[in-house]
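Asks: My questions concern the predicted model and sequence given below.
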Amino acid sequence: MVVLSKPAIEQFSVIKTCKPATFFGGIPLIDLSKPDSRNLLVKACEEFGFFKVINHGVPTEFISRLESEAVKFFSMPLPEKEKAGPPDPFGYGNKSIGTNGDVGWVEYLLLTTDPEFNFQRLSSIFGQNREMIRCALDYVSAVKKMACEVLELMAEGLKIQQRNVFSKLLMDEQSDSVFRLNHYPPCPELQEMNDRNLIGFGEHTDPQIISVLRSNNTAGLQISLRDGNWISVPPDQNSFFINVGDSLQVMTNGRFKSVRHRVLANSTKSRVSMIYFGGPPLSEKIAPLPSLMGGKEDSLYKEFTWFEYKKSAYKTRLADNRLGLFEKIAASLT
Ligand SMILES: C=C1C[C@]23C[C@@]1(O)CC[C@H]2[C@@]12CC[C@H](O)[C@@](C)(C(=O)O1)[C@H]2[C@@H]3C(=O)O
Ligand SMILES: O=C(O)CCC(=O)C(=O)O
Ligand SMILES: [Fe+2]
């Protein structure tokens, strides 16, 4: 990425906020090897929609190999990387996020997790670079396994009899899951801008069921708390961070909350993140689980399939409240 002159930086969102270095100490920590993890998971999803996972079982070498392949890819000259773009919907993207005018201090690779499709698409993106393809496939399959384990623990914690009620959606052959590698290059101009921060990836919630995020040891990720305050997540390259997505919020009839999050650019360090977005099959009806609607409780949401939600979500800007369009109360107000 080229060095930007000051006026050029203004095309990105520069905001005044808490410094990314002022870390929040209260992120829920879930040790997957502990028997009480199911209850702690439920609490974390209700209070934050976000938590950190340790003892996750994803082999360290899968993580480090993919990270080094990603670093190699993002270090290539721009014209080389652009051969893998634009992201329509999969491929390489730079600064522009989605198709509705969002920009950020980020470059990325968006990939499907369907191994068949991926093999062809990744081969066309990476040509002879079989190593990148192998690393991405190994990583995604290990992270998906862990995501399913987490979803099964959540179901147990919610006292749902069918423990695979969420995980089966990710395991389905038709699961519409996505994988993303993000690179936030350092932005040295920020040093002269005192208390200003540059948006790497603008605030949003993830539309899917669950997102599993791993980054290198560079700060930048922030989440919004229930009171609307933004807090900085201390980076931890050995753990995974998990987001509740909009679809899980709906399936739990609003008991779990999808988390609003964003990424701020760093003035000196490069940030690399890898995110698995676990989504259901396109035809899947997304609705509150009957067992979570005790007594007279009504669904807070109109009925929709994942295809309908995704289509609608992809017409929105990052910061929009996508789920609002599907809320029954919001609908009666409009
Ligand atoms: C602005 C957008 C980018 C996004 C599609 C959207 O219209 C709204 C949701 C965005 C998001 C956020 C989570 C994931 O990174 C993503 C791949 C997704 O499924 O929804 C992105 C979309 C994108 O980058 O295309
Ligand atoms: O790169 C990150 O750490 C988060 C990015 C993100 O939220 C996303 O890609 O949806
Ligand atoms: Fe996200």
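Replies: Sure, I can see it. On a predicted model such as this, the values are computed, not experimentally measured, just so you know. Ligands and ions are numbered 1, 2, ... in the order given.

Asks: wait, doesn't F90 sit right on D114?
Replies: No: using Cβ atoms under 8 Å, F90 makes no contact with D114, being 10.1 Å away. To be clear about C-beta, it is placed using only N, CA and C from the backbone, and glycine gets the same treatment.

Asks: And the residue of the chain found nearest ligand 1, how far from S177?
Replies: For the chain, the residue closest to ligand 1 is G98, as judged by Cβ to the nearest ligand atom, at 2.6 Å. G98 sits 18 Å away from S177, going by Cβ to Cβ, to the nearest Å.

Asks: What of D102?
Replies: The gap separating D102 from S177 is 22 Å, by Cβ to Cβ.

Asks: wait, what's in contact with I63?
Replies: Taking Cβ atoms under 8 Å, 6 or more residues apart in numbering, we find I63 in contact with Y139, R214, Q237, M274.

Asks: Next to ligand 1, which bits of the stretch 101-250 of the chain? Give me the list.
Replies: D102, L110, V178, R180, H204, D206, P207 (Cβ under 6 Å from any ligand atom).

Asks: Would you point out the most distant pair within the residues you listed?
Replies: The distance between the two most remote of those (Cβ to Cβ) is 16.4 Å, for D102 and V178.

Asks: what about the most centrally placed residue in the chain, which SS state?
Replies: For the chain, the residue nearest the mean C-alpha position is S211 (4.5 Å; Cα atoms, centre = their mean). What DSSP: H, G, I helix; E, B strand; the rest coil gives for S211 is strand.

Asks: Ignoring the adjacent residues along the chain, who's closest to it?
Replies: Closest residue in space to S211, ignoring its immediate chain neighbours: N243 at 4.2 Å, by Cβ to Cβ, 6 or more residues apart in numbering.

Asks: now do I199
Replies: Nearest residue to I199, sequence neighbours excluded (Cβ to Cβ, 6+ apart): S13, at 4.0 Å.

Asks: List the contacts of that neighbour.
Replies: V103, G104, L198, I199, G202.

Asks: Distance of it relative to P79?
Replies: 27 Å.

Asks: got the CA positions of stretch 259-269 in CSV?
Replies: Output in CSV follows, covering the C-alpha atoms of stretch 259-269 (Å, rounded to 0.1, in the frame of the first residue of the first chain):
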residue,chain,number,x,y,z
VAL,A,259,-21.5,-7.6,18.9
ARG,A,260,-20.8,-4.3,17.2
HIS,A,261,-17.0,-4.2,16.5
ARG,A,262,-14.5,-2.3,14.4
VAL,A,263,-10.7,-2.2,13.8
LEU,A,264,-8.5,0.9,14.2
ALA,A,265,-5.2,1.1,12.1
ASN,A,266,-1.9,1.2,13.9
SER,A,267,0.8,3.8,13.2
THR,A,268,3.8,1.5,13.4
LYS,A,269,2.7,-2.2,13.3
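
Asks: Confirm that L325 sits in a strand.
Replies: No: secondary structure assignment places L325 outside any strand; it is helix (three-state DSSP).

Asks: number of nearby residues for it?
Replies: Neighbourhood size, L325 [other Cβ atoms under 10 Å]: 17.

Asks: residues contacting the closest residue to it other than its chain neighbours?
Replies: Excluding the flanking residues, the one nearest L325 by Cβ to Cβ, 6+ apart is S312, at 6.1 Å. Shown in contact with S312 (Cβ under 8 Å, 6+ apart): R322, L325, F326.
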